[in-house]
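Undergrad: sequence first, then the predicted structure, then my questions.
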Amino acid sequence: MTKIIDYYLENPLRCDFLAICTLIAGNWLIPAFIQFKFDPSAQADIISDLISTSVSLAGFILAALTIIVSFRSNIACKNPENAKNPLELLFSTAHYQNVIKIFKGAIIELTVVFVGLYLVWIIAENVNSEILLQANVYGGLLILFSLFRTLFTLFLVLKMDKHEER
């Protein structure tokens, strides 16, 4: 299981893209895969909410990234052998760059979701409700993927800091 998580954290955008493409292909091959009927105006309202959510989460992730970068500026980078605590070890190895890559990827992914959903929202009057529903489902899933990935990484970093207190 840890190999799967490691692969996902090393290639988050690729895995998210593959998951969404698999769902789209599954829905195309098996049309009843996602077969709900909703009012188009309600779908447009949901898209509006998802747009707001993606922008807010991008800001949250950017704030978390800023905190992690400021931690590094306050902790002297040392050789891994000379690290006195887990955070010094994190900031002295390649794992720091991996953490930064995960957060930057999530910000990029949420920005792409924001732009994509905004474009769908603009043309919502001219699009059938099935496309609006799929935009909501896939946009929402991408938002959830980014949120869970960054929270998982953030909690791992915070867990390292907690290890130091013991």
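TA: Cool, got the structure. Numbering: from 1, shown residues only.

Undergrad: what helix or strand is the spatially most central residue of the chain located in?
TA: Among the residues of the chain, the one closest to the centroid is Ser146, at 1.2 Å (Cα atoms, centre = their mean). Per DSSP states H and E: Ser146 is located in helix 129-165.

Undergrad: still on that earlier bit, for the residue nearest to the centre of the chain, which non-adjacent residue is spatially closest?
TA: Closest residue to Ser146 apart from its sequence neighbours, by Cβ to Cβ, 6 or more residues apart in numbering: Ala106 at 4.2 Å. To be clear about C-beta, it is placed using only N, CA and C from the backbone, and glycine gets the same treatment.

Undergrad: I'd like the next helix or strand past the helix or strand Leu18 falls within.
TA: Taking DSSP H and E as the definition, one finds Leu18 inside helix 12-29. The helix or strand immediately downstream of helix 12-29 is helix 40-74, counting by DSSP H and E.

Undergrad: run the angle between that following helix and helix 129-165 for me.
TA: Relative orientation of helix 40-74 versus helix 129-165 (axes from the mean of the first three to the mean of the last three Cα atoms, to 10 degrees): 20 degrees.

Undergrad: so what does helix 40-74 touch, helix or strand wise?
TA: On a contact count with 3 or more Cβ pairs under 8 Å, 6 or more residues apart in numbering; DSSP states H and E, helix 40-74 meets helix 86-92, helix 95-122, helix 129-165.

Undergrad: least reliable of these by average pLDDT, please.
TA: Between those, the one with the least mean pLDDT is helix 86-92; it has a mean of 70.

Undergrad: residues contacting the closest residue to Ser129 other than its chain neighbours?
TA: Nearest non-adjacent residue to Ser129, counting by Cβ to Cβ, 6+ apart: Pro40, 4.3 Å away. Shown in contact with Pro40 (Cβ atoms under 8 Å, 6 or more residues apart in numbering): Ala124, Asn128, Ser129, Leu132.

Undergrad: what's the nearest residue to Ala64 if we skip its chain neighbours?
TA: Nearest residue to Ala64, sequence neighbours excluded (Cβ to Cβ, 6+ apart): Leu154, at 5.6 Å.

Undergrad: could you report the neighbour count for the one you found?
TA: As a burial measure, Leu154 scores 19 neighbours (other Cβ atoms under 10 Å).
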